[in-house]
Every structure is written in C-alpha cells, then in structure tokens.
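Visitor: Give the three-dimensional model of this entry:
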Amino acid sequence: MDLVRAELSIEIARTPADVYSYLTDVSNLPTWQAGVKSARLRDGRIEEARSLLGRELNTKLEIVEQEEPRLFTLRALDSPVPFTVRHELEPAGGGTRLTVTAEGNVPGFAAGLLARRAEKQFRKDFERLKEILES
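Guide: Here you go, the predicted structure:
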C-alpha cells in the first residue's frame, strides 16, 4: 500500500462561517461533488452513495474533527481505499482560504494513476464549490 496525498488551497469570497456551513451540510454534497448521488447524516456519520469508475460505491464517513468555522475532518470507515479528508478554513482578504488535504492508502500498482485522477477531480469539485458559494 502506498500513501497517496493530495492537497489544494482555494480562496472563496465568503466568510469562513458561510463556507463552513455549506461545506458541512451533507445535503449539498451532490450539488458540488461529481459522482455523489446522495449523502445523508445518520447517527453522527455520513452515508454517501457515489459512482466511481462506473461502479456504485456506498461509503460511511466518520466526522473525526469538527471545530466551527475552522476545521472539518472526515475518515472513510468502509471504503475500498481507506482515506481521510481534512478541511481547514482561515480568513483571507475579506473571504476564506480553504485548504483541503486528502490522504489514502492505495495498492502500489495503482497509486500514481489514482492519485492524478483523484487530484484532478478534487480540484474540479472545489472549483465548483467556489462558484456556487460566490454566485
């Protein structure tokens, strides 16, 4: 298993409280994340259905850190690729700088390819989030 890490930083012209509120409302996930069919909060966990590489995946995510409006971290509980996603928000020039770090353990032979694909999708998703929040 190889540890794959993707990180991005994006500036959004909204307050950290606004960004945090939208980001942590799971009902918004299908709107800004490609592939997410549905997401709901149940018993303190997020249950998500998404299509990935033509397959339907159901994943439970645990909220491991939640400090409004600064920090939100999720960990996949039953994914074929164990991963965590950390969202850090800080005030920046009248808006918010959102830094997102995703880490996962991927089988060696697929790590490089999967990392590039994931990072590309990751960027698109967060660009979409920015567009929605700034419109």
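
Visitor: so where's the protein uncertain?
Guide: 53, 110 (pLDDT under 70).

Visitor: Could you tell me which helix of it is the longest one?
Guide: helix 111-134 (DSSP state H).

Visitor: If you count neighbours, what's buried in that one?
Guide: For helix 111-134, the neighbour count (16 or more other CB atoms under 10 Å) marks A111, L114, A115, A118, E119, F122, D125, F126, L129, K130, L133 as buried. For the C-beta atoms, the positions are set from N, CA and C on the backbone; glycine is no exception.

Visitor: With stretch 63-71 instead?
Guide: Buried, per 16+ other CB under 10 Å, within stretch 63-71: P69.

Visitor: Touching that stretch from outside, list them.
Guide: 15-17, 19-21, 24, 44-46, 72-75, 84, 86-90 (CB atoms under 8 Å, 6 or more residues apart in numbering).

Visitor: I'd say E119 and V100 touch.
Guide: No. Using CB atoms under 8 Å, E119 is not in contact with V100; the gap is 10.7 Å.

Visitor: shared neighbours of these two, anything?
Guide: Joint contacts of E119 and V100 (CB under 8 Å, 6+ apart) are L8.

Visitor: Doesn't P80 belong to a strand?
Guide: No. Secondary structure of P80 (DSSP: H, G, I helix; E, B strand; the rest coil): coil, not part of a strand.

Visitor: roughly how far apart are the residue positioned nearest the centre of the chain and T59?
Guide: Centroid-nearest residue in the chain: V85, 5.8 Å away (criterion: CA atoms, centre = their mean). Distance from V85 to T59, counting by CB to CB, to the nearest Å: 12 Å.

Visitor: re the thing from before, what packs against the strand or helix carrying the residue nearest to the centre of the chain?
Guide: Under the criterion of DSSP states H and E, V85 resides in strand 83-92. Here strand 83-92 touches helix 16-23, strand 71-76, strand 95-106, going by 3 or more CB pairs under 8 Å, 6 or more residues apart in numbering; DSSP states H and E.
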